[in-house]
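Chemist: coords below, sequence missing:
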């Protein structure tokens with residue numbers, strides 16, 4: 001069971017996983033639910049900033065829920081799945097970032113989900129179609145999931161940190177693969 005809140009430790013953990021395994025990073029959110037769209041904004045930011053081949057790392061945008069991306073994930077056949085999503089947690093402040101193994105999510109972290117199918121059912125369906133060794137949640141604690149297209153200042157700050165962190169990790173992995 002893994003739960004990490006320190007950015008430096010998240011970076012080191014992600015480097016170990018992403019650099020060594022086929023990884024899908026799925027960005028989940030609702031574009032019309034204020035802070036719940038944070039992962040989609042990170043996805044768009046990374047797509048613009050990363051223009052080259054990512055080797056064994058694939059980004060998938062999952063508007064409205066992971067269930068909308070099952071076929072794409074199955075096609076990529078990842079060893080590791082990292083789900084970037086908005087979370088609710090009494091232990092975190094809005095904008096704080098956490099990395100958790102999936103078994104920890106079920107017990108300790110609430111997803112700020114507006115998705116149609118519970119993510120646990122979606123993951124069960126997914127695991128019946130492809131063998132994924134490890135699943136992690138990379139979450140940002142949100143403040144507001146009301147209807148709208150604004151993002152709170154705290155969550156926007158967390159968005160910038162997480163986008164920069166993922167960019168740094170992916171560039172590190174890509175450069176390591178070239179040597």
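Modeler: Here it is on my side, so go on. Because the structure is predicted, anything quoted here is derived from the model rather than measured. Residues are numbered from 1 along each chain as shown.

Chemist: first to last residue in stretch 88-100, what's the distance?
Modeler: Distance across stretch 88-100, first residue to last, is 13 Å (C-alpha to C-alpha, to the nearest Å).

Chemist: before we move on, what about stretch 27-37?
Modeler: End-to-end span of stretch 27-37 (C-alpha to C-alpha): 9 Å.

Chemist: Buried by neighbour count: which residues of that stretch qualify?
Modeler: If you call a residue buried by 16 or more other C-beta atoms under 10 Å, then stretch 27-37 has these buried ones: 27, 28, 29, 30, 33, 34, 35, 36, 37. Yep, even glycine has a C-beta here, placed from its N, CA and C like the rest.

Chemist: same question, stretch 121-129
Modeler: Buried residues in stretch 121-129, counting neighbours by 16+ other C-beta under 10 Å, are found at 122, 123, 126.

Chemist: Next, format those as TSV and append secondary structure and pLDDT.
Modeler: Output for those, formatted as TSV (DSSP: H, G, I helix; E, B strand; the rest coil; pLDDT from 0 to 100):
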residue	secondary structure	pLDDT
122	helix	73
123	helix	75
126	helix	78
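
Chemist: between those residues, which is nearest residue 156?
Modeler: Nearest to residue 156 among the buried residues of stretch 121-129 is residue 122, at 27.6 Å by C-beta to C-beta.

Chemist: The closest one contacts residue 69, correct?
Modeler: No. Here residue 122 does not reach residue 69: they are 9.0 Å apart, not a contact under C-beta atoms under 8 Å.

Chemist: which two in the buried residues of stretch 27-37 are spaced the farthest apart?
Modeler: Distance extremes for the buried residues of stretch 27-37: the farthest pair is 27 and 34 at 16.3 Å, using C-beta to C-beta.

Chemist: Could you pull out the helices in this protein for me?
Modeler: With DSSP state H applied, the chain shows helices at 7-20, 38-49, 70-76, 102-108, 119-127, 153-177, listed in chain order.
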